[in-house]
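**Student:** dropping a prediction and its sequence here:
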There are 2 protein chains.
Amino acid sequence: MKTLVVIVHPNSHESGVQSFLKESCTSLTDVTIYDIQEELSSFDLKKTQELLTSHQRIIFQFPMYWYAAPDMLYKWLEKVLTKSLYQSGLKGKELGIVMSMGQKLSAFQAGGTEHFTISELLRPFQALAYKCHMTYLPPFPISLFPYLKEEDKHRLLISYQQYLTKENDHRFVTSEKWAINRLKELSDKGLINDLDNRLSFIQDTLENNRMELDSLLTTLEEMRMD
Amino acid sequence: MKTLVVIVHPNSHESGVQSFLKESCTSLTDVTIYDIQEELSSFDLKKTQELLTSHQRIIFQFPMYWYAAPDMLYKWLEKVLTKSLYQSGLKGKELGIVMSMGQKLSAFQAGGTEHFTISELLRPFQALAYKCHMTYLPPFPISLFPYLKEEDKHRLLISYQQYLTKENDHRFVTSEKWAINRLKELSDKGLINDLDNRLSFIQDTLENNRMELDSLLTTLEEMRMD
């Protein structure tokens, strides 16, 4: 699966979170970065549309400005989404939204200071995905990035990489497969060297987890029969 | 009450619906038209903010582009909404949205071809109103304008004028007051001449309606007591 990350930011080089996310992509195979701000000045419709149709997952990545994306995304959409593209060109692909914000996540709920959930505020993009016959992925919000501790940043890095490249399902086996493939990729690129040891350690962990899961499933089964 | 209509359109002069709406404003007192496209080229922050703070009702008026406003509105918001403005400058004012679209209204519902209601798709503007401590008015959607019959256009004209200038409540007496004031305004401007006759005719109609309303209210009261 090939993923296209469309960065929407007036100056992504100076943004801490955008730099971190870009850096997180460098070791990923099959991820293409497309920076709208850089591309709009020498915009080529045919090239851009070919880029979109040659990827299976498309990500819009932006900071939230007044509960929407920066204006350049709307300008770009007006140019790019010709009839042939929204009627058939994007059919069956996936659309994901990576949105950073300066409010804490708990503010986005009924009764919270932002009143609405992230899902509600992103309805226009969900509607856009439906219009283009795309699968809409659960949004990926990044809250208060500058205040994250190192450990939280590591977690963010992994879940962001998964958002870009992991199959869109919630099965444990998919995460297992993803983690093992990632390790193999990193090893192929010479970024880790003791792959065999690491893999066998992970294999053991997964094995143990699976035994625990099996026992939990049995308990659940018994409870259901009561 | 003074109303500011912020027109968001790449070329409002060539748009049928925008021309119709502008024309509908000409006889209205206390309505100011502000065309973003014209103003952005020689943008003056202080002047624009004074314009906003000197009006009590602010209307964003635009065609729906990909479930959002044209990009220039977001560009404009980025310039205009400084901290002092969104924290206190707009407090207590009203925000209304006039949105035109090429789909029929019934498409905007769960199970409809557009999946979401107009209210849901406009959540970002509702959140913006809350952020600025403004009262959010029920949105005013205009569907398939080019296909409206003359009679429908007349209805649209009246309800649009009400959306811009009528007090934000649903009492019958407010509509009565609004209609009588409108007639007086039109007469003052020499746009109608037999005001007395018209007013007394309307007075009679309202009188009759009120008797009917009274009798309905009595019936309702009796039903409640059962």
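**Tutor:** That came through fine. This structure is a prediction, so every number in the text was calculated from the model and none was measured. Numbering: from 1, shown residues only, chains lettered A, B, ... in the order given.
**Student:** against which helices or strands is the lowest-mean-pLDDT helix or strand in chain A packed?
**Tutor:** Ranking every helix and strand in chain A by mean pLDDT, DSSP states H and E puts helix A:195-225 at the bottom, with a mean of 78. When contacts are defined as 3 or more Cβ pairs under 8 Å, 6 or more residues apart in numbering or on different chains; DSSP states H and E, helix A:195-225 sits against helix A:172-188. Just so you know, the C-beta spots here come from the backbone N, C-alpha and C atoms, and that holds for glycine as well.
**Student:** other SSEs contacting the helix it packs on?
**Tutor:** The contact analysis (3+ Cβ pairs under 8 Å, 6+ apart) places helix A:172-188 against helix A:150-165, helix A:195-225.
**Student:** any chance of those helices in a markdown table, plus distance to A:L186 and mean neighbour count?
**Tutor:** Listed next are the helices and strands packed on helix A:172-188 as a markdown table, based on distance: least, Cβ to Cβ, whole Å; neighbours: other Cβ atoms under 10 Å in any protein chain shown:
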| stretch | distance to A:L186 | mean neighbour count |
| --- | --- | --- |
| helix A:150-165 | 11 | 15 |
| helix A:195-225 | 8 | 11 |
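**Student:** mind putting these in JSON lines, distance to B:Q49 included?
**Tutor:** Formatted as JSON lines, the helices and strands packed on helix A:172-188 follow (distance: least, Cβ to Cβ, whole Å):
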{"stretch": "helix A:150-165", "distance to B:Q49": "38"}
{"stretch": "helix A:195-225", "distance to B:Q49": "58"}
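**Student:** by how many degrees do the least confident helix or strand of chain A and helix A:172-188 diverge?
**Tutor:** 170 degrees (axes from the mean of the first three to the mean of the last three Cα atoms, to 10 degrees).
**Student:** and helix A:195-225, how far out from the chain's middle?
**Tutor:** 27 Å (Cα atoms, centre = their mean, to the nearest Å).
**Student:** distance of the most centrally placed residue in chain A relative to A:S54?
**Tutor:** For chain A, the residue sitting closest to the mean C-alpha position, by Cα atoms, centre = their mean, is A:Y163 at 3.2 Å. Going from A:Y163 to A:S54 by Cβ to Cβ, to the nearest Å gives 20 Å.
**Student:** and if you look at A:L73?
**Tutor:** 20 Å.
**Student:** before we move on, what about A:C25?
**Tutor:** The gap separating A:C25 from A:S54 is 17 Å, by Cβ to Cβ.
**Student:** more neighbours, those two?
**Tutor:** A count of neighbours by other Cβ atoms under 10 Å in any protein chain shown puts A:C25 above the other of A:C25 and A:S54, at 16 against 10.
**Student:** need the contact partners of stretch A:200-209.
**Tutor:** Counting by Cβ atoms under 8 Å, 6 or more residues apart in numbering or on different chains, stretch A:200-209 makes contact with A:172, A:176, A:179-180, A:183, all of which sit outside it.
**Student:** do you know which of the helices and strands packed on helix A:172-188 lies nearest B:L95?
**Tutor:** B:L95 lies closest to helix A:150-165 among the helices and strands packed on helix A:172-188, at 33.9 Å (Cβ to Cβ).
**Student:** and the closest one, C-alpha only, in PDB?
**Tutor:** Extracted in PDB, the C-alpha atoms of helix A:150-165 (Å, rounded to 0.1, in the frame of the first residue of the first chain):
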ATOM      1  CA  GLU A 150       9.900  12.200  25.300                       C
ATOM      2  CA  GLU A 151       8.100   9.000  26.100                       C
ATOM      3  CA  ASP A 152       4.800  10.400  24.700                       C
ATOM      4  CA  LYS A 153       6.700  11.500  21.500                       C
ATOM      5  CA  HIS A 154       7.900   7.900  21.100                       C
ATOM      6  CA  ARG A 155       4.300   6.600  21.400                       C
ATOM      7  CA  LEU A 156       3.200   9.300  18.900                       C
ATOM      8  CA  LEU A 157       5.800   8.300  16.500                       C
ATOM      9  CA  ILE A 158       4.700   4.700  16.500                       C
ATOM     10  CA  SER A 159       1.000   5.400  16.200                       C
ATOM     11  CA  TYR A 160       1.600   8.000  13.500                       C
ATOM     12  CA  GLN A 161       3.600   5.400  11.500                       C
ATOM     13  CA  GLN A 162       0.800   3.000  12.000                       C
ATOM     14  CA  TYR A 163      -1.700   5.600  10.800                       C
ATOM     15  CA  LEU A 164       0.200   6.000   7.600                       C
ATOM     16  CA  THR A 165       1.000   2.400   6.800                       C
END
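**Student:** can you give me the angle that helix makes with helix A:172-188?
**Tutor:** Using the same axes, to 10 degrees, helix A:150-165 lies at 100 degrees relative to helix A:172-188.
**Student:** what helices or strands is helix A:150-165 leaning on?
**Tutor:** For helix A:150-165, the elements it packs on are strand A:3-7, helix A:16-25, strand A:57-63, strand A:94-101, strand A:140-143, helix A:172-188, judged by 3+ Cβ pairs under 8 Å, 6+ apart.
**Student:** any buried residues in the longest one, and which?
**Tutor:** By that I understand helix A:172-188. A:176, A:178-179, A:182-183, A:185-187 (16 or more other Cβ atoms under 10 Å in any protein chain shown).
**Student:** what mean pLDDT does that helix have?
**Tutor:** The average pLDDT for helix A:172-188 rounds to 83.
**Student:** that concludes my questions; thank you for your assistance.
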